[in-house]
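Chemist: Structure for the following, please:
(chains A and B)
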Amino acid sequence: EAEVAQSPRYKITEKSQAVAFWCDPISGHATLYWYRQILGQGPELLVQFQDESVVDDSQLPKDRFSAERLKGVDSTLKIQPAELGDSAMYLCASSLGLEGTTDTQYFGPGTRLTVL
Amino acid sequence: GENVEQHPSTLSVQEGDSAVIKCTYSDSASNYFPWYKQELGKGPQLIIDIRSNVGEKKDQRIAVTLNKTAKHFSLHITETQPEDSAVYFCAAKVTLGDMRFGAGTRLTVKP
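Modeler: Below is the predicted model:
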């Protein structure tokens, strides 16, 4: 069964450092999502891509966060500089991206970020 | 925007009993309602979903019901097993909007 891949699984960094997370969606999935999940809460959308284009980044803190999906396949989420409040699970999800429909989102295992 | 509330936050049942988790949503345009199961240290896994043109859907021991008039939907797990222990999230989505999640329910099934 195809899965969303993410790396690293765990990342510990000091505040003010830069961190990057990588996601490889299920093959053929046009839509890719990055979510942030704070401990004890549900995931919250940070950014959504349709192929290589950003569809929604309204919740992305653009002063320190950036995301790209250059070739419309895998994606990188970067934080620079990291702050203590960024400690969370960063989840990537993908879906087929069929126009005009709501299709199922499949999540990867996540990257657990701890900022010291 | 959409707001999803989920209850209870924790639920403990005896093995073999049923478990029910309830969610309400605010945006009447929401038309897709998935349920995810998240085990410790893992990403959410879709267990069942329902669309607004259906009132109920069942998959073995798991069922979801949707009441669009009241804007609430529920997850029902029958004959619970210890491996059902996890955090369960409901979510709601409008076609061209982002998916909003509830705060989660930690289910514990005691053997």
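Chemist: hmm, stretch A:49-69 in reach of chain B?
Modeler: Yes - residues of stretch A:49-69 are located near chain B by Cβ under 8 Å from any Cβ of the partner chain, namely A:56, A:59. C-betas here are computed from N, CA, C, even on glycine.
Chemist: For that stretch, list the C-alpha coordinates in PDB.
Modeler: What follows is stretch A:49-69, C-alpha atoms only, in PDB (Å, rounded to 0.1, in the frame of the first residue of the first chain):
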ATOM      1  CA  PHE A  49      -0.100  22.800  -2.800                       C
ATOM      2  CA  GLN A  50      -1.900  21.900  -6.000                       C
ATOM      3  CA  ASP A  51       1.000  20.400  -8.100                       C
ATOM      4  CA  GLU A  52       3.700  23.000  -7.700                       C
ATOM      5  CA  SER A  53       1.500  26.000  -6.900                       C
ATOM      6  CA  VAL A  54       0.500  27.200  -3.400                       C
ATOM      7  CA  VAL A  55      -3.300  27.100  -3.000                       C
ATOM      8  CA  ASP A  56      -3.600  28.200   0.600                       C
ATOM      9  CA  ASP A  57      -0.800  29.500   2.900                       C
ATOM     10  CA  SER A  58      -3.000  31.800   4.900                       C
ATOM     11  CA  GLN A  59      -2.000  30.100   8.200                       C
ATOM     12  CA  LEU A  60       1.700  29.900   7.400                       C
ATOM     13  CA  PRO A  61       3.900  32.300   9.500                       C
ATOM     14  CA  LYS A  62       5.700  33.700   6.500                       C
ATOM     15  CA  ASP A  63       8.300  35.600   8.500                       C
ATOM     16  CA  ARG A  64       9.900  32.400   9.500                       C
ATOM     17  CA  PHE A  65       8.300  29.500   7.600                       C
ATOM     18  CA  SER A  66       8.600  28.700   4.000                       C
ATOM     19  CA  ALA A  67       7.500  25.800   1.800                       C
ATOM     20  CA  GLU A  68       8.200  24.700  -1.700                       C
ATOM     21  CA  ARG A  69       7.200  21.900  -4.100                       C
END
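Chemist: and the nearest residue to residue B:9 once chain neighbours are set aside, what is it in contact with?
Modeler: Spatial nearest neighbour of residue B:9, chain neighbours left out: residue B:105 (6.2 Å); criterion: Cβ to Cβ, 6 or more residues apart in numbering or on different chains. Contact analysis of residue B:105 by Cβ atoms under 8 Å, 6 or more residues apart in numbering or on different chains lists B:6-11, B:21, B:87-89.
Chemist: Residue B:60: neighbour count?
Modeler: 9 (other Cβ atoms under 10 Å in any protein chain shown).
Chemist: do you know how far the most centrally placed residue in chain A is from residue A:88?
Modeler: Note on chain A: the residue nearest the mean C-alpha position is residue A:34, at 2.6 Å, using Cα atoms, centre = their mean. As judged by Cβ to Cβ, to the nearest Å, residue A:34 and residue A:88 stand 12 Å apart.
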